[in-house]
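**Student:** sequence and predicted structure, then a few things I'm wondering about:
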Amino acid sequence: MASSSPASIDPARLQSEIFAVGRSITAAQDSHAGGPLRGLDEAAIGLSTRDHELRAALFRLVDVTPACRNLDDLGSHLGSLLEEVQDRPVPLGVATRMAHTKAGRMALGAAVASSVRHLAHRFIAGESPAAALGKLSKLWSTGIGSSVDLLGEATVTGAEADHYAERCEDALGELARGCAAWPERTVLERDSAGAIPRVNLSVKVSALTPLVRPEAPALGRDDAVRRLRPLLRRARELGAHMHVDTESLDSLETTREVVLGLLGEEEFRDGPSAGIVLQAYLRESPAELDRILAWAESSGRRSPLVVRLVKGAYWDHESVEAQQHGWRIPVLTDKAKCDRNFESLTRRLLEARPLVRVAIASHNLRSVSHAIALNRLRGGYDHDLELQVLRGLGDELAWSLADAGFRVRVYSPVGDLVAGMAYLVRRLLENTSNESFLSEQYGGAPLEELLVTP
Amino acid sequence: MTGSAALPAFANEPTLELRRGPNREALASALAALDRRGPFPVPVLIGGDPGSSSGIDSTDPGAPSHLVATAGVGGEGDVLEAVRGAAAGARAWSQRPAADRAVTLGRAASLLRERRLELAALEVRECAKPWAEADADVCEAIDFLEYYARGAIDLERGRDLLQEPGERNTMRYEPRGVAAVISPWNFPLAIPAGMTAGALAAGNAVVLKPAEQAPGCALRLVEALHEAGVPPAALALLPGYGDTGATLVRSPDVQTIAFTGSGPVGLEILRVAAEVRPGQVHLKRVVAEMGGKNCVIVDADADLDEAVPAIVHSAFGYAGQKCSACSRVLVHEAIAEGFLRRLAGAVEVLVVDQAERFGVGVPPLIEREARDRVDGYASEAGSEGRIAAVGGPLPGEGWFCAPVVVADLPPVSSALREEIFGPLLAVDVVVDVEAACDLVEALPFALTGGLFSRDPRTIARVTARLPVGNLYVNREITGAMVGRQPFGGNRLSGFGLKAGGPDYLLQFAEPRVVAENTMRHGLPLE
């Protein structure tokens, strides 16, 4: 590993390398001109609309779909939600009128149900790990790895936490069995630190315990640890990777304590491979990285901790909650500042290797290009940097990065299509409103703008 | 409220971010310091002169042998002296311009702000209020002082009237005189602070009779107000039991009675206040905020991931000892089974423990009688219906009740009709939202209510139908914020003009209208 200091990289040289990388990625991307149905999906569900009211109404519709009892009920909700939109495009005005009759509602309900299911296929890899294996295997053969995320309702009871843990255990077994026959893909299976597991499961602490309480991290920690410990043992047996997702700031301390506490135990010194998430939009993310690195230094684990750097998906939640309480907003509200912080954390993470493995999870072309360019200029190997995207939103980026020989992993939700889609809308899409990768993706900005220094 | 030129716009006092470790540590050390200092005296305080401070033992509900404070008991003579002193104090205090009174209340708010950690600790000890709620209560007390301070300035401006040629019409608000404030223990700082600050802001003097379970908190409030510059004569503290309050209510020189507490006591106050006694020259005005039987409606399209935790918090937070707490859920039959299963599971994992433990779900009840009463309701409900969940285990010491969810109750069950004021939640299954609204409308109470629905039309329909004073949609039904959710009930729950709202001070004022003839014969009109 090269050890040139940050100061030794000339900014102009870095910028020109970033442009070179960015150009090569987008060139590859043009050859993957999206699925034929993509435009239809987005129009149907309002993902790409710039009308916030309409988009909110359609998100709410997806959100309530699993709770609707029948097509009539679903059509009725559509009509009701659209009434709240001030300026309805013509077809939606027609839909609102249709909702006045039962036959109309049934027809609308059927249309919505089919749209949601259709859309769900884009975002959700399968109803179960077994059902998703086909898609995951196909991705693997094109040089793209996955991290499976099991969708489900929120955990509010002990039984739900137990059930989630069981699903995780089953998923580990199912995925391990399924991937045994996959062809070898060196770029996905090895870096300078050694072997990289094929099976990669992302889990949420808030699903492993009903006791996450912001004011009592120890309470949720102890209950989650009880369920995560057997999962880590199972992952070690199977040679799988366990990644613990970070959620809202309310659970940050709990999550950190669960992960670092358990992985620091003697019994997990030699495995499994495991990881944590760092959210660049948090003002305190540099200090959070300090904590992670200090831990990594002292843990003595054989397999380096994987740190997935993300921008963070709870922007609206964090801002609104802080404003309602009169607290300082804990996330960076300025996009450029957030992007600069992402790059600064990227740099620190790259420099921290081999203490950690680095996964850059972003759909922002500049952030991704910057990580690749900086790694190269620092003398690092491409295969010592992992890039991650979300299924359904970063597919094209994944394809082109894989074509260019990078290790790419797609974060792949798995679960009931309709309920899972509602979950994704609630937890993910709504929280990315203005700063969204969607607006970046569909804004049609020229490459030079997308790659400019933040 | 528009605020005033002299003071910055009102903003709610931020609660502590308890997700930050250093904030939690600061609170824990404030509690340790309070414990080290030991019990303190709460005297009868008239004209600034401390009197007796014995007669009431204020103890820790989680450790009843632990004494937090000892308080005096205001007797008939004390009441007489306090009210007489307050009548004189009211004249001086009311002469001050509203802006001066506002600055004084603002100073008291600053003092509470400086002392917020020890005040929260005191609430934990004296009332077993868990940290988050104790801290929020201190913030709400600060909010009331700041909000009504601004209201005083608005009130002084009076109202605009129609003006015809040859006359000048003015309408202004004058203080009513002496206000008796009778406060409960469940919001031991915020509620006495709100009623006291409202009366003071409008230029009245106050005799405060706090609940016997929370005299220590009341003393700290009175100290802050005196220190801030409220004249001792304008604010007396009369700790005591019900008798002290009853004597105060009867006093002919009390013009306004501001009461928050139970329905029976409120109705008794209304009855007594209606009798005119020798020497009495005012009709007494009663501001009464009483109990509720608060229902949350869960429609078939509700998001249970949100509804279940919100209902659990509304029903079991502070062991259900809030007038706004949820005590009944009306759930659509299509989702009733799954809802009940999840609700039961969520209640079973609640941590039943001392208020000082971070993460506690159900703290002890305020006193033995409360515990026995709630246990009585629970066993009665258990024999009439089906117990769907019981939480626990219970710690060895303290007035703990297990949180209970009960279903399948017959319509006549008292658990469906009476205010229980404890951790007992009844669940009814309804055929639809209209049926749920019928049940809510049939109740004599109308304080808070809740609705979980994801259909804007349902929300509009239910909003139009329910008579409750505060309806919360897709959120918990407790935690009203000053200036944002003015709070108070209708029907038998009270007829106050919403605490923390723009109309509240009107209750402590009497309007006076002056019409002056400006016509001068032989002089042209302008």
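**Tutor:** Ah, there it is. In this text, all values refer to a predicted model and were calculated from it rather than measured experimentally. Residues are numbered from 1 along each chain as shown, chains lettered A, B, ... in the order given.

**Student:** please make it C-alpha for all contacts and neighbour counts, starting now.
**Tutor:** Will do.

**Student:** next one: the helix or strand containing B:Val405 to chain centre, how far?
**Tutor:** For B:Val405, the host element (DSSP states H and E) is strand B:404-407. Here strand B:404-407 is found 26 Å from its chain centre; the criterion is C-alpha atoms, centre = their mean, to the nearest Å.

**Student:** which of the residues in the very next helix or strand once past that strand are buried?
**Tutor:** Of the helices and strands lying after strand B:404-407 in sequence (DSSP H and E), the nearest is helix B:414-417. Buried residues in helix B:414-417, defined by neighbour count with 16 or more other C-alpha atoms under 10 Å in any protein chain shown: B:Ala415, B:Leu416, B:Arg417.

**Student:** what strands line up against the strand holding B:Val405, and which way round?
**Tutor:** strand B:386-390 (antiparallel), strand B:424-430 (parallel) (DSSP bridges).

**Student:** make JSON lines out of these and add mean pLDDT.
**Tutor:** Output for the strands paired with strand B:404-407, formatted as JSON lines (pLDDT from 0 to 100):
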{"stretch": "strand B:386-390", "mean pLDDT": "98"}
{"stretch": "strand B:424-430", "mean pLDDT": "98"}
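
**Student:** so which of those strands is nearest B:Arg176?
**Tutor:** With C-alpha to C-alpha as the criterion, B:Arg176 lies closest to strand B:424-430 of the strands paired with strand B:404-407, at 41.1 Å.

**Student:** roughly how far apart are A:His383 and A:Ala125?
**Tutor:** Distance of A:His383 to A:Ala125, given as C-alpha to C-alpha, to the nearest Å: 26 Å.

**Student:** the two - which one has more neighbours?
**Tutor:** Here A:His383 and A:Ala125 are compared on neighbour count by other C-alpha atoms under 10 Å in any protein chain shown; more neighbours surround A:Ala125, at 25 against 18.

**Student:** if we can go back for a sec, ok, which of the strands paired with strand B:404-407 comes nearest A:His52?
**Tutor:** Closest of these to A:His52 is strand B:424-430, at 35.7 Å (criterion: C-alpha to C-alpha).

**Student:** neighbours of A:Ala110, how many?
**Tutor:** Neighbourhood size, A:Ala110 [other C-alpha under 10 Å]: 17.

**Student:** what do you get for B:Leu111?
**Tutor:** B:Leu111: 18 surrounding residues under other C-alpha under 10 Å.

**Student:** so what's the residue lying closest to B:Gly496 once chain neighbours are set aside up against?
**Tutor:** Leaving aside its chain neighbours, B:Gly496 sits nearest to B:Val287 (5.4 Å; criterion: C-alpha to C-alpha, 6 or more residues apart in numbering or on different chains). B:Val287 is in contact with B:Thr256, B:Ile257, B:Ala258, B:Phe259, B:Gly494, B:Phe495, B:Gly496, B:Gln507, counting by C-alpha atoms under 8 Å, 6 or more residues apart in numbering or on different chains.

**Student:** write the ChimeraX selection for whichever of the residues you listed are buried.
**Tutor:** In ChimeraX, this line selects whichever of the contacts of B:Val287 come out buried by 16+ other C-alpha under 10 Å:
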select /B:256,257,258,259,494,495,496,507
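
**Student:** need the residues of chain A near chain B, please.
**Tutor:** Proximity of chain A to chain B (C-alpha under 8 Å from any C-alpha of the partner chain) is limited to residues A:60, A:64, A:67-68, A:77, A:80-81, A:84, A:153-159, A:210-211, A:213-216, A:219, A:250, A:253, A:325-327.

**Student:** isn't A:Pro210 right next to A:Thr155, touching?
**Tutor:** Yes - assessed by C-alpha atoms under 8 Å, A:Pro210 is found in contact with A:Thr155 at 5.4 Å.

**Student:** flag the shaky bits of the chain, pLDDT-wise.
**Tutor:** By default, I'm working from chain A. A:1-7, A:29-51, A:427-445 (pLDDT under 70).

**Student:** if you could check chain B rather than the one you did, that'd help
**Tutor:** For chain B, the stretches with pLDDT under 70 are B:1-6, B:522-526.

**Student:** go again with 80.
**Tutor:** B:1-6, B:496, B:520-526 (pLDDT under 80).

**Student:** secondary structure class for the one residue sitting closest to the centre of it?
**Tutor:** Residue closest to the average C-alpha location in chain B (C-alpha atoms, centre = their mean): B:Ile191, at 4.1 Å. B:Ile191 falls in the helix class when you classify it by DSSP: H, G, I helix; E, B strand; the rest coil.

**Student:** distance of it from B:Leu155?
**Tutor:** Applying C-alpha to C-alpha to B:Ile191 and B:Leu155 gives a distance of 21 Å.

**Student:** ok, now A:Arg291?
**Tutor:** From A:Arg291 over to B:Leu155 (counting by C-alpha to C-alpha), the distance is 54 Å.

**Student:** quick one: which of these two has more around it?
**Tutor:** Taking neighbours as other C-alpha under 10 Å, A:Arg291 and B:Leu155 compare with B:Leu155 leading, 21 against 14.

**Student:** may I ask which helix or strand encompasses that one?
**Tutor:** In this structure, B:Leu155 sits in helix B:131-156 according to DSSP H and E.

**Student:** and the following helix or strand past that helix, what other elements does it pack with?
**Tutor:** Sequence order places strand B:167-175 as the next helix or strand after helix B:131-156, per DSSP H and E. Strand B:167-175 sits against helix B:131-156, strand B:509-517, with contacts defined as 3 or more C-alpha pairs under 8 Å, 6 or more residues apart in numbering or on different chains; DSSP states H and E.

**Student:** now strand B:167-175, how far from the chain's geometric center?
**Tutor:** Centroid separation for strand B:167-175 versus its chain: 32 Å, with C-alpha atoms, centre = their mean.

**Student:** after that strand, next one along is what?
**Tutor:** Counting by DSSP H and E, the element after strand B:167-175 in chain order, helix or strand, is strand B:178-182.

**Student:** flag every buried residue along that following strand.
**Tutor:** The neighbour-count check on strand B:178-182 (16+ other C-alpha under 10 Å) flags B:Val178, B:Ala179, B:Ala180, B:Val181, B:Ile182 as buried.

**Student:** residue numbers of the stretch 301-450 of chain B in contact with chain A?
**Tutor:** B:301-303, B:305, B:308-309, B:342, B:345-346, B:348-349, B:358-359.

**Student:** tally of neighbours for B:Pro264?
**Tutor:** Neighbour count for B:Pro264, taken as other C-alpha under 10 Å: 11.
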